[in-house]
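J.: Need a 3D model of the following:
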Amino acid sequence: MSSNKLREIECFISVAESGSFVRAADAIGVSKTAVSRSVIELEQRLGARLFQRSTRRVSLTPAGTLYLARCKPIVQALDEADELVAGDAQQPAGLLRVQAPMSFGTQHLAPLWPQLLARHPGLRLDVHLSDALLDLNDERFDLAVRISDRQHPSFISRPLGSTRLIACAAPAYLARHGEPMHPDELADHAVIGYTYAAEGDVWHFDSDRGPIAVRTQARLCANNGDTCLAAACAGLGIVMQPSFLLADSLRRGELVPVLQRYPLRSVGIHAVYPSRRQLPMKVRVAIDFLVESLAGADWLAR
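T.: The predicted structure follows:
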């Protein structure tokens, strides 16, 4: 494959994934004109239009969708070949695309990335924070950090630790509305819901007599843990969130646990990556680094 053809395909894939010639140019590090010219030359060489262009958006044509599906594995295989050669020299290199949850990524992973790059100067990082369970293959992520015990069957996961869910509320809220003594009493309380909760609006507790499932009705629901935390600290209602997010507020007394006789489950924190015959060195060293850095983390003890 000639270098010009490879550059055309790289520009095409970047435009297809970003939906913009400008964003594609920023990602590749060339001018918008160069990206546009490469795509036009590719379309001329193929004799097919790959994109529908308008003043507002760029979208794939049917031919473009087919071409993208065939090209992405080829470019990925070339990247992996480069990484294997770099692996022979024991020097991980290249761009590592990582996806992680917003709150955990901001509070607990953000301080770690400079350390990873300092340890491996040949690495470059592209970190994407979102609580949504994005598809690693579709989004071309090399690695994801997931806080869930339900992993995609086609992905491989490695444990990084665990966090336990805690139900709590602000002292001011409990002073106004009283403290629930049994999970069933949550029906009479305002709760703060989390959009991406695995069980939706049903909260699951343990008891001496077995599990208890309670359907709640949220006064406020958000797809981000920090928003839920802020609402709880403001006295809006009872929240159920993981200990890594609640630890500081609990320690300061801004929130207090409720229903402690009915504990909630713990949730695993995992490094997740697509199944491949040969794990790229850049992914392997990143996972090893996260395992080392998060070993023994106890957020309520910090």
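J.: Using the three-state scheme, assign residue 73.
T.: helix (DSSP: H, G, I helix; E, B strand; the rest coil).
J.: Could you report the pLDDT at it?
T.: At residue 73, the model reports a pLDDT of 79.
J.: swap in residue 154?
T.: With respect to pLDDT, residue 154 scores 65.
J.: cool, and residue 87?
T.: pLDDT for residue 87: 53.
J.: cool, residue 201 as well?
T.: So residue 201 comes in at 90 (pLDDT).
J.: mind listing what the closest residue to it other than its chain neighbours touches?
T.: Distances taken as Cβ to Cβ, 6 or more residues apart in numbering put residue 216 closest to residue 201, at 5.2 Å, once the chain neighbours are dropped. All C-beta atoms are positioned from the backbone trio N, CA, C, and that covers glycine. Neighbour list for residue 216: 186, 187, 191, 193, 201, 202, 203 [criterion: Cβ atoms under 8 Å, 6 or more residues apart in numbering].
J.: Can you flag which of those belong to strands?
T.: With strands defined by DSSP state E, the entries of the contacts of residue 216 inside them are 191, 193, 202, 203.
J.: Quick check: bridge partners of the second one?
T.: Think residue 193. Beta-bridge pairing of residue 193 under DSSP bridges involves residue 221.
J.: can you pull the contacts of it?
T.: 201, 216, 218, 220, 221, 222, 228.
J.: Most neighbours out of those residues, which is it?
T.: When neighbours are counted by other Cβ atoms under 10 Å, residue 228 leads the contacts of residue 193 with 27 neighbours.
J.: tell me the secondary structure for that one?
T.: Here residue 228 is recorded as helix under three-state DSSP.
J.: What's the separation between it and residue 187?
T.: 19 Å (Cβ to Cβ, to the nearest Å).
J.: Then residue 209?
T.: For residue 209, the distance to residue 187 equals 19 Å [Cβ to Cβ].
J.: And these two? Which one has more around it.
T.: Between residue 209 and residue 187, counting by other Cβ under 10 Å, residue 187 is the more crowded of the two (12 against 6).
J.: Sketch out the low-pLDDT regions of the stretch 201-302 of the chain for me.
T.: The model of the stretch 201-302 of the chain has pLDDT under 70 over residues 275-278, 300-302.
J.: where do the strands sit along the stretch 1-150 of the chain?
T.: 51-53, 58-60, 94-100, 123-129, 143-147 (DSSP state E, counting those that start in this stretch).
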